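Chemist: here is a sequence with its predicted model. Questions after.
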Amino acid sequence: MAAVFDLEKCVGCGICAKHCPEDIIVMGEDKKPLMKYPYECWYCGACYIDCPAQAVSLDLPLFMKFVPTPYVCEKPRKIRREY
Ligand code: SF4
Ligand code: SF4
């Protein structure tokens with residue numbers, strides 16, 4: 001499923017939809033994000049890293065759970081600033 005949205009935390013800013021390089025996130029009429037094409041996600045992490053409300057988590061495929069990435073580190077926002 002790739003990106004999973006916590007709609008309780010989501011503030012409806014739309015940043016995840018704007019920053020997704022695959023344009024697979026759309027904003028619904030309720031101003032909440034939806035995965036329009038979930039199987040086209042390539043786990044870049046942009047939606048996860050850029051969400052100001054920390055409302056996005058990534059449901060990584062099994063093989064990615066064993067590879068060190070910013071998504072599974074404890075402080076992804078600090079890591080992003082170092083790039
Ligand atoms: S970036 Fe975060 S807060 Fe903004 S719409 Fe997406 S999930 Fe909601
Ligand atoms: S991980 Fe990347 S490709 Fe997948 S939904 Fe988020 S921004 Fe789009």
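Modeler: That came in fine, so what should we check first? Ligands and ions are numbered 1, 2, ... in the order given.
Chemist: excluding its backbone neighbours, what's nearest residue 7?
Modeler: Distance criterion C-beta to C-beta, 6 or more residues apart in numbering; nearest residue to residue 7, sequence neighbours excluded, is residue 32 at 5.3 Å. Glycine gets a C-beta too; all of them are placed from N, C-alpha and C.
Chemist: look up how far residue 64 lies from that neighbour.
Modeler: Counting by C-beta to C-beta, to the nearest Å, the gap from residue 32 to residue 64 is 26 Å.
Chemist: burial of residue 11, as a residue count?
Modeler: 12 (other C-beta atoms under 10 Å).
Chemist: for it, phi and psi?
Modeler: phi -100, psi 10 (degrees, to the nearest 10).
Chemist: phi, psi for the residue nearest to it when sequence neighbours are not counted please.
Modeler: For residue 11, ignoring the flanking residues on the chain, the nearest one in space by C-beta to C-beta, 6+ apart is residue 53 at 5.0 Å. Per-residue torsions, residue 53: phi -100, psi 0 (degrees, to the nearest 10).
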